[in-house]
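1. predicted model, plus sequence, below.
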Amino acid sequence: MSSLNLRLVGIACGAGLLAYCIYFDHKRRNAPDYREKVKARRERQRKERDDDNIELPPNDDKEAIEKFFVREIEMGEELIQAGEVDRAVKHISYAIVFCPQPQSLLQYMKEVLPPSAYVKLVENLAVANKRVKETYQKIVIEEEVE
């Protein structure tokens, strides 16, 4: 086979694959339940994000803070074992915020977690810390108003 024939066969295969993709994308989008599936998927994703809203313990209750810390660490470990690293990182970051010795826990997490998960943990730590501060400031302001 000459190089011209090989090119023509390659171009024909590429065009056939492109036509195949366009055809099935058209069929998928024109399916009667396409919009319902998209809405259901988006709703499921939104619900998963909302499910991750973590209820913070009262600021003045040491026992509740300890229970919260232990629960978040356990939840993070379970999620890591399940392969849900993003959600696990979120729970662990809230645990670190309430940890009495956050530096030692961060050092331990650096050794235990994969590097990409540790980077996510450090990034999410600022978000968790900000949310905790904002939540407790709101509580203080509400108490002063009453």
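-> Everything's here; your move. Only a predicted model underlies this, so the values are computations on that prediction, with no experimental measurement involved. Residues are numbered from 1 along each chain as shown.

2. so what does the helix or strand containing K110 touch, helix or strand wise?
-> Element membership for K110, per DSSP states H and E: helix 102-112. Judged by 3 or more CB pairs under 8 Å, 6 or more residues apart in numbering; DSSP states H and E, helix 102-112 is in contact with helix 85-97, helix 115-145. In this view, the C-beta of every residue, glycine as well, is placed from N, C-alpha and C.

3. ok, residues contacting that helix?
-> Contact partners of helix 102-112, identified using CB atoms under 8 Å, 6 or more residues apart in numbering, comprise 92, 95-96, 99, 118, 121-122.

4. from those, which two are the most distant?
-> By the measure CB to CB, C99 and Y118 form the most distant pair in the contacts of helix 102-112, at 15.7 Å.

5. so N5 is in which element?
-> Assigned by DSSP H and E, N5 falls in helix 3-29.

6. distance from that helix to the middle of the chain?
-> Helix 3-29 sits 36 Å away from the centroid of its parent chain (CA atoms, centre = their mean, to the nearest Å).

7. what's downstream of it, the next helix or strand?
-> According to DSSP H and E, the helix or strand after helix 3-29 is helix 34-51.

8. now that following helix against helix 85-97, angle please.
-> Inter-element angle recorded for helix 34-51 and helix 85-97: 20 degrees (by axes from the mean of the first three to the mean of the last three CA atoms, to 10 degrees).

9. return the residues in contact with the residue at minimal distance from the centre of the chain.
-> The residue lying closest to the centre of the chain (CA atoms, centre = their mean) is D86, at 3.7 Å. Going by CB under 8 Å, 6+ apart, D86 touches K120.

10. at 10 Å instead, please
-> 52, 79, 117, 120, 124 (CB atoms under 10 Å, 6 or more residues apart in numbering).
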